[in-house]
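>>> Could you work out the structure for the sequence below:
(one chain, ligands or ions: 2)
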Amino acid sequence: MKRIKIFDTTLRDGEQSPGCSMNTDEKVEVAKQLEKLGVDVIEAGFAIASDGDFQAIEAISAVIEHATVASLARATKLDIDRAYQAVKKAKHPRIHTFIATSDLHLEYKLKKTKDEIIDITREMVTYAKSLCDDIEFSCEDATRSNNYFMIQVIETAIECGATTINIPDTVGYTTPNEYYELIKYIKNNAKGIDDVSISVHCHNDLGLAVANSIAAVEAGADQVECTMNGIGERAGNAALEEIVMALKTRHDYYAYDTHINTEQIVRTSELVSYITGVKVQPNKAIVGANAFAHESGIHQHGVLNNKETYEIMTPESVGLKQNNLVLGKHSGKHAFKDKLDNLGYDLTDAELNRAFIEFKDLLDKKKKIYDKDIVAIVRNETIPYDEIISLEGFNISSSMTATSAAIKLKIDDECFESVELGDGPVDASFKAIQRVIGVQIPLFKYQINAVTEGKDAQGETVVRAKYENLEYTGHGLSTDIIESSIKAYLSVINKILKDSVIYNEMKERIDQDKMMKGIG
Ligand code: KIV
Ligand code: ZN
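Ligands and ions are numbered 1, 2, ... in the order given. Alright, predicted model coming up:
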């Protein structure tokens, strides 16, 4: 068995795609989960892109024990310096630098000649190598590049110390046979290629990213770059879960292994989907809600007699737990913790206490509690954010002609109340909250999903807002969908308050109000 390294770029190429941005705390949570999943490399971001990216890469570098942590950098000194600064404290740091090699990119984007590209490659890989031992070099738009020229660039990068050479299908243009031939060609023609790892990086514009990646592995690639749930630029990147499960399920055909703990796949998928608020399509291979559901009578009959009739891998192998009925009114903290252990969650004491309070609260509202309810509570309690504003209470009055919401919020131990009319309870509540903070925070996404079946199900709300060019996600969870929506809106506001001047402005306004009223 040849071991294929899994290079996860969920936090870089994935995060770069519209609607998928994450803040530092969220990226750290995902990175920790990727380490549990067993990926070999975590590409944590593009350090020069923003201060937020830089901080997230630094924070990830500080907590990751086993995986290599990489930062992307264009082939410039400034980019490479920034990348190195961000990863230098990682146990296993990597600088990933790239330059385009296709005629199209040379002429219209870089406005450079082929000789200039070779010179830049020489200079920048040498420079990166002077900072860090582990250097990955990528030929951007490799699949539309002239092969002879690309070989020259690759040989230059290897001579100057690159340890991994990546051949990206940047625009998702290639096909499995063509990509196979390209990787073989590089293996047979580039001097020094046997001393470095060959990596492949496929985009999914033609729906071929996974097939192309596997064809490249068959041609001799050592590392596959991919993302959880296949998120990424345009149609996305190759989906990690599909590549890994294809290699595992077809062991009879493929002589390749990965270090992925496949039982962590579903959990990682759910975490990425929860944090980004980007839902996985129900029929998505491996991690879609229907991936293991058997609907038709003939299939159900077959599966009852022998699962293998219609199941090529078990749901358990990807960590899909049956939705068991769990714990009841009299379950104590011990039983709750046992359940969490069983579900694979290892919470800190503070997280456990918070989750247990929520669980007890849920027992009062919901007759049957399932694993999915527990997982939703844990998700909701373990991704940290500073709660500057909290919800103290609300009252909705709604009819077919008018709705009003009265909201009570707590800010720094002081309570504030506000009443607003709106188009329905959610609109009225959000307006009442905006009245208190004195700023309008419009949402570009508002989505609510039932965690389980039944009319007493918990509603999980996801909202996304843009403020000063940064995107923020908020979550709320409750059996009352209005409360869930209000909590989600407050969580997005709390994240924005932490990063912006609104908090100081809001405090000044509150103090002025108090002075006018002669309080304080
Ligand atoms: O798709 C691409 O070419 C990339 C490179 C920067 C590796 O993401
Ligand atoms: Zn890419």
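>>> what about Arg509, distance to ligand 1?
Arg509 sits 45 Å away from ligand 1, going by C-beta to the nearest ligand atom, to the nearest Å. In short, each C-beta sits where N, CA and C put it, glycine included.
>>> The stretch 401-520 of the chain: helices as residue ranges?
425-437, 481-499, 502-516 (DSSP state H, counting those that start in this stretch).
>>> And these: which comes nearest Ser21?
With C-beta to C-beta as the measure, helix 481-499 is the member of these nearest Ser21 (11.7 Å).
>>> Tabulate the helices of the stretch 401-520 of the chain (a markdown table), appending mean neighbour count and mean pLDDT.
Shown next, in a markdown table, are the helices of the stretch 401-520 of the chain (neighbours: other C-beta atoms under 10 Å; pLDDT from 0 to 100):
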| stretch | mean neighbour count | mean pLDDT |
| --- | --- | --- |
| helix 425-437 | 21 | 95 |
| helix 481-499 | 22 | 94 |
| helix 502-516 | 13 | 78 |
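>>> a markdown table for those helices, including distance to Ile135?
Listed next are the helices of the stretch 401-520 of the chain as a markdown table, based on distance: least, C-beta to C-beta, whole Å:
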| stretch | distance to Ile135 |
| --- | --- |
| helix 425-437 | 47 |
| helix 481-499 | 33 |
| helix 502-516 | 42 |
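>>> Contact partners for Asp103?
Residues in contact with Asp103 (C-beta atoms under 8 Å, 6 or more residues apart in numbering) are 144-146.
>>> Also Thr309?
By C-beta under 8 Å, 6+ apart, the neighbours of Thr309 are 299, 302-303.
>>> In strands, which of these fall?
Using DSSP state E, no member of those falls within strands.
>>> about what we covered before: could you pick out the buried ones from the contacts of Asp103?
Neighbour counting with 16 or more other C-beta atoms under 10 Å marks 144-145 as buried within these.
>>> interface residues of the chain facing ligand 1?
13, 72, 98, 138, 140, 166, 168, 170, 201, 203 (C-beta under 6 Å from any ligand atom).
>>> From the contact counts, what lies against whichever strand or helix holds Ser138?
Using DSSP states H and E, Ser138 sits in strand 135-140. The contact analysis (3 or more C-beta pairs under 8 Å, 6 or more residues apart in numbering; DSSP states H and E) places strand 135-140 against strand 93-100, helix 114-131, helix 147-159, strand 164-169, strand 197-202.
>>> Please give the centre-to-centre distance between the helix or strand following the first one and its chain.
Toward the C-terminal end, the helix or strand that comes next after strand 93-100 (DSSP H and E) is helix 103-104. Distance of helix 103-104 from its chain centroid, counting by C-alpha atoms, centre = their mean, to the nearest Å, is 32 Å.
>>> still on that earlier bit, switch the helices and strands packed on strand 135-140 over to CSV; also include mean neighbour count.
Shown next, in CSV, are those (neighbours: other C-beta atoms under 10 Å):
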stretch, mean neighbour count
strand 93-100, 25
helix 114-131, 18
helix 147-159, 20
strand 164-169, 25
strand 197-202, 25
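>>> nearest to Arg435, of the ones you listed?
Judged by C-beta to C-beta, the one of the helices and strands packed on strand 135-140 that comes nearest to Arg435 is strand 93-100, at 47.1 Å.
>>> List the pairing partners of the closest one within its sheet, with orientation.
Counting by DSSP bridges, the strands paired with strand 93-100 are strand 68-74 (parallel), strand 135-140 (parallel).
>>> Need the residue closest to the centroid of the protein.
For the chain, the residue nearest the mean C-alpha position is Val272 (3.8 Å; C-alpha atoms, centre = their mean).
>>> show me what contacts the residue nearest to that residue when sequence neighbours are not counted?
Closest residue to Val272 apart from its sequence neighbours, by C-beta to C-beta, 6 or more residues apart in numbering: Met228 at 4.6 Å. Residues near Met228 by C-beta under 8 Å, 6+ apart: 8, 10, 14, 30, 34, 239-241, 268-269, 272.
>>> what's the answer for Ala31, then?
Contacts for Ala31 were tallied using C-beta under 8 Å, 6+ apart; they are 11, 42, 44, 60, 63-64, 69.
>>> Of these, which is the most crowded?
Ala44 (34 neighbours; other C-beta atoms under 10 Å).
>>> Just to be sure, that one is in a strand?
Yes. Assessed by DSSP: H, G, I helix; E, B strand; the rest coil, Ala44 belongs to a strand.
>>> which residues in the stretch 251-400 of the chain form strands?
Counting by DSSP state E, counting those that start in this stretch, residue ranges of the strands within the stretch 251-400 of the chain are 256-257, 325-326, 369-370, 389-398.
>>> Please name every helix or strand in contact with the last one.
Counting contacts by 3+ C-beta pairs under 8 Å, 6+ apart, strand 389-398 packs against strand 403-411, helix 425-437, helix 481-499.
>>> Domain ranges for this protein, per the record?
2-276, 290-319, 333-382, 389-516 (automatic domain parsing).
>>> What is the most widely separated pair among the residues of the chain next to ligand 1?
Leu72 and His203 (15.1 Å).
>>> how near is the residue nearest to the centre of the chain to Val224?
18 Å (C-beta to C-beta, to the nearest Å).
>>> Same check on Tyr370?
In this view, Tyr370 and Val224 are 35 Å apart by C-beta to C-beta.
>>> For the two, indicate the residue with more neighbours.
Neighbour count, other C-beta under 10 Å: between Tyr370 and Val224, Val224 has more, with 27 against 22.
>>> I'd guessed Met22 sits against Gly277; true?
No. With contact defined as C-beta atoms under 8 Å, Met22 does not count as touching Gly277 (10.1 Å).
>>> Next up, the contacts around Glu417.
Shown in contact with Glu417 (C-beta under 8 Å, 6+ apart): 406-409.
>>> Make a ChimeraX selection of the buried ones in those.
Those of the contacts of Glu417 that count as buried under 16+ other C-beta under 10 Å are selected in ChimeraX with:
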select :406,407,409
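>>> Need the max-distance pair from the contacts of Met228.
Val30 and Ala239 (15.4 Å).
>>> Okay, Met228 and ligand 1: tell me how far apart.
Met228 is 16 Å from ligand 1, by C-beta to the nearest ligand atom.
>>> beta partners of the residue nearest to Asn395 when sequence neighbours are not counted?
Leaving aside its sequence neighbours, Asn395 sits nearest to Ala406 (C-beta to C-beta, 6+ apart; 4.4 Å). According to DSSP bridges, the residues that bridge with Ala406 are Asn395, Val419.
>>> Could you shift the numbering so residue one becomes 760, and keep it that way?
From this message on, residue numbering opens at 760, which makes the last subject Ala1165.
>>> and Ala1165, what does it touch?
1153-1155, 1176-1178, 1191.
>>> switch the cut-off to 10 Å
Counting by C-beta atoms under 10 Å, 6 or more residues apart in numbering, Ala1165 makes contact with 1152-1156, 1176-1179, 1187-1188, 1191.
>>> Kindly indicate which of those residues lies nearest ligand 1.
Closest approach between these and ligand 1, by C-beta to the nearest ligand atom: Ser1188, at 41.2 Å.
>>> Would you check that my belief about that closest one contacting Asp1239 is correct?
No. Using C-beta atoms under 10 Å, Ser1188 is not in contact with Asp1239; the gap is 11.5 Å.
>>> who touches both of those two?
Both Ser1188 and Asp1239 are contacted by 1153, 1155, 1245, under the criterion C-beta under 10 Å, 6+ apart.
>>> Any figure for the gap between the closest residue to the second one other than its chain neighbours and Ile1192?
By that I understand Ile1155. Setting aside the residues directly before and after it, Ile1155 is nearest to Pro1184 in space (C-beta to C-beta, 6+ apart), at 4.5 Å. Per C-beta to C-beta, Pro1184 is found 13 Å from Ile1192.
>>> likewise Ala806?
Distance, Ala806 to Ile1192, by C-beta to C-beta: 35 Å.
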